[in-house]
Each structure stands twice: as structure tokens, then as C-alpha cells.
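1. everything below, folded, please.
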Amino acid sequence: MRLISLVPLLCGLAVVAQAGLNRRFAGQWGLLSAVLMNMVVATVATFAVYVVARSVPGFWPEAAAPGGSGRFFDGFTVWHLLPGLCGVLIVVGMPWAMGRLGAVQSALLLMAAQLLTSLVWDAMVEGRPATLARVVGSALAFAGAAIAVWKG
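-> Numbering: from 1, shown residues only. Coordinates of the predicted model:
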């Protein structure tokens, strides 16, 4: 297994841990206050990584390299806001879902949606065809998620 394969695994752990902790903190502060704290920490951490990546040569060249003219908002459109809005949906929606469905069902439904969306994204955006192996593998995982949710 290549080292880069650990990144999605860590992201998967982080989604459940983030949602579970936000759900727990929501019991103390309310969901939106917990999410606001989450976003403040994420913004500060992202800014710190950005500053380090831009100022330390060789730290993370592909992340620090500006595209186009190098100006931060050059070419800005409303589409640039969509990833942040997706993040808010994840950070608010997952703790809310976990409180009603539990962690396993919420994560399985999330995974099923990610599989379907990933197949479409790869085919339509990245130019990676939906091969038989990818479709069958995704279908098996989707079926497992469906069984666990249905019988859960």
C-alpha cells in the first residue's frame, strides 16, 4: 500500500470523530455553537498551514504553488464558494444524523453517497472511466451499506 493511501483512511476516521465530537459538544453548547467552534479552529489551522506552505520552500510545493497569475482571488466565481458550503453541510449534517441514526448508519449512508458521487465525478470530471471493477466494487460496498442500514 502506498503512503498516500493512508490519507483517505485518516480522512474517514476524521469524519466520524469530528461528527461524534461535535454531537457530544452540541449537548453542552448546542449544535451550531459546536460547529462554529469547529470552523474557527479549522480556519486558524488552515491559515497556519497556508502561511507555512507559502513561506517555507519545499514544505508542500504542490499546495503552495499558485495557479494562473498567483493572485489569491484572480478568476473568482461563485462556484469557489461551493466547497465551503459542502463543508458546512458535512459539519452540521453528520452530527445531527448521528444523533438520530447512530454513527454506523450515518457513516454507511455517507459512504454510499460518496461512492456514487465518486463514480460520476471520476467519469465526468477526471476522465477516469467507470470500469466494471469500479462499478462492481462500489455496488458491493453500497449493498453492504444498504443491508446494514435496512437491517440496522
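2. following element in sequence after the lowest-mean-pLDDT helix or strand in the chain, please.
-> Using mean pLDDT, DSSP states H and E, helix 61-64 stands out as the lowest-scoring helix or strand of the chain, at a mean of 75. As assigned by DSSP states H and E, the chain's next helix or strand after helix 61-64 is helix 82-101.
3. and that next one, which residues are buried?
-> For helix 82-101, a neighbour-count test (16 or more other CB atoms under 10 Å) marks 91, 92, 94, 95, 96, 97, 98, 99 as buried. Any C-beta I mention is one placed from the backbone N, CA and C, and that applies to glycine too.
4. can you tell me, leaving aside adjacent residues, what's nearest to the second one?
-> Counting by CB to CB, 6 or more residues apart in numbering, residue 35 is the residue found nearest to residue 92 once chain neighbours are left out, at 5.3 Å.
5. right, and the one you found touches residue 89 too?
-> No - using CB atoms under 8 Å as the test, residue 35 is too far from residue 89 to be in contact (10.7 Å).
6. residue ranges with poor pLDDT in this structure?
-> The chain contains residues with pLDDT under 70 at 1, 64-71, 152.
7. what does the helix or strand harbouring residue 21 contact?
-> According to DSSP H and E, residue 21 maps onto helix 6-29. Residues from elsewhere that reach helix 6-29 (CB atoms under 8 Å, 6 or more residues apart in numbering): 31, 33-35, 37-38, 90-91, 94-99, 103, 106-107, 110.
8. then stretch 76-91?
-> Stretch 76-91 is contacted from outside by 15, 18, 19, 22, 35, 38, 39, using CB under 8 Å, 6+ apart.
9. before we move on, what SS does the last one have?
-> When the structure is reduced to helix, strand and coil (DSSP: H, G, I helix; E, B strand; the rest coil), residue 39 reads as helix.
10. where's the nearest residue to it once chain neighbours are set aside relative to residue 35, distance?
-> Excluding the flanking residues, the one nearest residue 39 by CB to CB, 6+ apart is residue 91, at 6.9 Å. Residue 91 sits at a distance of 5 Å from residue 35 (criterion: CB to CB, to the nearest Å).
11. same question, residue 130
-> Residue 130 is 34 Å from residue 35, by CB to CB.
12. other SSEs contacting the helix or strand hosting residue 111?
-> Here residue 111, judged by DSSP H and E, is contained in helix 103-121. Secondary-structure packing of helix 103-121 (3 or more CB pairs under 8 Å, 6 or more residues apart in numbering; DSSP states H and E): helix 6-29, helix 82-101, helix 132-151.
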